[in-house]
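Asks: Sequence and predicted structure are below.
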Amino acid sequence: MHAFGGGMRSRQAFSAFAAAAIIFAALLRTTDPSAFLRYFGDLEPLVIITLAAALGWLAIHQLASCQWLSRGASRRGLGLAAAVATGFGLAIVGVDLIVVFPPDTNVDLPSALFFYSTMALVAEVVFHLLPLLGVSVAITLSKRRPPKEIPDSVIIAVALLEPIFQVAVGFSEPTPLWANVYVGAHVFALNLVQLILLRRHGFAAMAAVRLVYYLHWHLVWGQLRLELLF
């Protein structure tokens, strides 16, 4: 019953998340065709978002069958996610005030409203759900039955993926070494928290961390910094 409840709630949360992302991508594709160019190049954004949604749903289904998902995000889980994300958002704003990251770090409004909601889906699928899917399948094939929850070693390994990507891609302008090190550690810690919340409270709590973090860093501060720092 635990796995079924956790799976159903996470499937529902992911389905709503994915549907909203596809709708937002379609709207943004119409109003600002160049918004995804930096990340997807000449590839069709709607195809990529739809593919990410399909793969993400398959991953959620597999993780639920492995009993790697909790019963679902409680009010406490969602509240904790929002509080943690706010703390991380304030921390990166503080670093930005010292370093002043490039002005193109964030997408401008109003495109940002749709862009970051859509990219949040892509990030969760690419950096979290697909790696966990691969690990769960590998464990199932090698041991016939995976452990009852996501192992700590797997959480740490998966949490390293996004910071490695972030540091490798870097910013459009040179930034101090200490700032790059901080960004890597910051993104790693954020991912680590997300994965722990996934294990304890389900997909909705994990996604809430990213969405609230994006709200603070990319939407609110992302617009204020252009007026205050440049």
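Replies: Right, received. Where do you want to start? Residues are numbered from 1 along each chain as shown.

Asks: And the helices in this protein, which stretches?
Replies: Shown for the chain, the helices assigned by DSSP state H span residues 2-31, 37-40, 45-65, 75-99, 111-124, 130-143, 152-159, 161-169, 177-201, 203-214, 221-228.

Asks: hey, which of those helices is tucked in deepest?
Replies: Most buried of the helices of the chain, by mean neighbour count (mean count of other CB atoms under 10 Å): helix 203-214, with a mean of 24. For every residue, glycine as well, the C-beta is placed using N, CA and C.

Asks: avg pLDDT for it?
Replies: Mean pLDDT, computed over helix 203-214, is 96.

Asks: returning to what we had before: mean pLDDT lowest where, among the helices of the chain?
Replies: helix 2-31 (a mean of 85).

Asks: any chance of the helices of the chain in a markdown table, plus distance to residue 105?
Replies: Shown next, in a markdown table, are these (distance: least, CB to CB, whole Å):
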| stretch | distance to residue 105 |
| --- | --- |
| helix 2-31 | 19 |
| helix 37-40 | 12 |
| helix 45-65 | 20 |
| helix 75-99 | 8 |
| helix 111-124 | 12 |
| helix 130-143 | 26 |
| helix 152-159 | 22 |
| helix 161-169 | 12 |
| helix 177-201 | 11 |
| helix 203-214 | 12 |
| helix 221-228 | 7 |
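
Asks: Can you get me a residue count around residue 104?
Replies: With neighbours defined by other CB atoms under 10 Å, the count for residue 104 comes to 12.

Asks: I figured it hits residue 222, correct?
Replies: No - counting by CB atoms under 8 Å, residue 104 stays clear of residue 222, with 10.6 Å between them.

Asks: OK, contacts around residue 147?
Replies: residue 139 (CB atoms under 8 Å, 6 or more residues apart in numbering).

Asks: so what's residue 128 up against?
Replies: Residue 128 touches 158, 191, 194, 195, 198, 206, counting by CB under 8 Å, 6+ apart.

Asks: Ignoring the adjacent residues along the chain, who's closest to the second one?
Replies: Once flanking residues are discounted, residue 191 sits nearest to residue 159: 4.0 Å by CB to CB, 6 or more residues apart in numbering.

Asks: Surely the one you found and residue 197 touch.
Replies: No - with contact defined as CB under 8 Å, residue 159 does not reach residue 197; the gap is 11.8 Å.

Asks: contacting residues around residue 125?
Replies: With CB under 8 Å, 6+ apart, residue 125 has these contacts: 52, 53, 55, 56, 59.

Asks: Next, find the distance separating it from residue 39.
Replies: 14 Å (CB to CB, to the nearest Å).

Asks: For those two, list the residues in contact with both.
Replies: By CB under 8 Å, 6+ apart, no residue touches both residue 125 and residue 39.

Asks: Hmm, residue 107 is touching residue 117, no?
Replies: No - the criterion here is CB under 8 Å, and residue 107 misses it with residue 117 at 11.3 Å.

Asks: shared neighbours of these two, anything?
Replies: With CB under 8 Å, 6+ apart, residue 107 and residue 117 have no common neighbours.

Asks: tell me the contacts of the nearest residue to residue 179 once chain neighbours are set aside?
Replies: Excluding the flanking residues, the one nearest residue 179 by CB to CB, 6+ apart is residue 99, at 4.6 Å. Counting by CB under 8 Å, 6+ apart, residue 99 makes contact with 175, 176, 179.

Asks: All set, thanks.
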